[in-house]
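In: The following comprises the amino acid sequence and a computationally predicted model.
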Amino acid sequence: RKVFNEKEDNEDEANNLPKVCEGENLPIIQSEVLEKQTKPKPLHTESSLLSAMEMPCQREQSQTCLDMPSAAGIRQRQSAGKEVENEEEREAMRESGIGTPATRAAIIETLFARDYIVREKKSLVPTSKGLSVYEIVKDKRIADVSMTGQWENALARIESGEMQPQTFHRTIEVYTRQITTELLETSVSHAGENNCVCPKCKVSPIRF
């Protein structure tokens with residue numbers, strides 16, 4: 001509206017832009033180069049991570065700059081539901097979240113137990129092991145956060161009589177075969193690891 005000089009009632013005329021034409025040369029009154037640095041999003045705390053897992057469909061950025069498995073509810077810059085495009089799946093996840101109130105804390109403790117994350121003061125920081133796992137699974141079906149929404153949507157349809165339980169059961173069987181095949185076909189890089197030839201068979205390497 002301001003570009004075309006269209007006025008509104010009680011509008012401050014001083015804020016209007018002048019009318020310009022295509023190809024018109026305009027004088028440069030002032031220019032300045034500012035040297036600044038971007039700041040990463042703050043790391044998750046246990047409290048913020050639990051909140052992100054509880055409300056994964058919140059359409060705003062969650063407090064995280066962790067690169068970790070999304071199946072565990074940790075995604076870079078966004079809450080999990082941000083990645084769920086289907087509206088029905090998003091609504092299903094809104095009610096369930098990732099995990100349950102009884103299991104969400106246990107999921108985080110599992111990450112600690114498996115040395116995927118460590119505490120630094122109040123922040124949760126991924127370990128090299130955790131980042132390695134993330135690199136392996138980040139594009140796999142097993143790490144697709146929308147799967148939770150799909151399953152919850154299917155269970156709701158079963159409850160309402162729109163889907164037969166057997167249909168959902170077959171879907172789970174197919175999904176299980178797919179993710180198993182996908183993971184078994186994944187090649188894992190061992191670059192940088194120390195290894196030596198097995199002293200017993202003299203053939204196979206031992207990594208340590």
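Out: Perfect, I can see it now.
In: quick one: the strands in this structure?
Out: Here the chain has its strands, by DSSP state E, at 117-120, 123-126, 195-197, 205-207.
In: Export only the CA atoms of the first one, formatted as CSV.
Out: Provided in CSV are the C-alpha atoms of strand 117-120 (Å, rounded to 0.1, in the frame of the first residue of the first chain):
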residue,chain,number,x,y,z
ILE,A,117,24.4,-37.3,25.0
VAL,A,118,26.1,-35.8,28.0
ARG,A,119,25.2,-33.0,30.4
GLU,A,120,27.2,-29.8,30.4
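In: That one pairs with which strands, and in what direction?
Out: Partners of strand 117-120 in the sheet, by DSSP bridges, are strand 123-126 (antiparallel).
In: Identify each buried residue in the strand it pairs with, please.
Out: For strand 123-126, a neighbour-count test (16 or more other CB atoms under 10 Å) marks 123, 124, 126 as buried. Yep, even glycine has a C-beta here, placed from its N, CA and C like the rest.
In: List the residues that contact the first one.
Out: If I follow you right, that is residue 123. Counting by CB atoms under 8 Å, 6 or more residues apart in numbering, residue 123 makes contact with 42, 43, 44, 45.
In: Got a quick PyMOL command for the buried subset of the residues you listed?
Out: The PyMOL selection below is limited to those of the contacts of residue 123 classed as buried (16+ other CB under 10 Å):
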select buried, resi 43+44+45
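In: Relative to residue 162, which of the contacts of residue 123 is nearest.
Out: residue 44 (37.1 Å; CB to CB).
In: State the distance from residue 135 to residue 107.
Out: Taking CB to CB, to the nearest Å as the measure, residue 135 falls 20 Å from residue 107.
In: ok, now residue 180?
Out: Residue 180 is 21 Å from residue 107, by CB to CB.
In: Could you check which of the two is surrounded by more residues?
Out: residue 107 (18 against 11; other CB atoms under 10 Å).
In: Look up the closest residue to the more buried one, ignoring the ones flanking it.
Out: residue 99 (5.3 Å; CB to CB, 6 or more residues apart in numbering).
In: got it, and residue 122?
Out: Per CB to CB, 6+ apart, closest to residue 122 is residue 45, 4.8 Å.
In: what's the longest helix in the chain?
Out: Longest helix in the chain by number of residues, with DSSP state H as the criterion: helix 165-184.
In: List the buried residues for that helix?
Out: Buried residues in helix 165-184 (16+ other CB under 10 Å): residue 179.
In: Show me what it is packed up against.
Out: helix 146-159 (3 or more CB pairs under 8 Å, 6 or more residues apart in numbering; DSSP states H and E).
In: If I take the helix it packs on and helix 165-184, what angle do their directions form?
Out: Following axes from the mean of the first three to the mean of the last three CA atoms, to 10 degrees, one obtains 170 degrees for the angle between helix 146-159 and helix 165-184.
In: what is the mean pLDDT for helix 146-159?
Out: What helix 146-159 shows for mean pLDDT is 83.
In: In that helix, which residues are buried?
Out: For helix 146-159, by 16+ other CB under 10 Å, it's 146, 147, 148, 149, 150, 151, 152, 153, 154, 156, 157.
In: if we can go back for a sec, from the contacts of residue 123, pick the one nearest residue 174.
Out: The closest of the contacts of residue 123, once distances to residue 174 are taken by CB to CB, is residue 44, at 33.4 Å.
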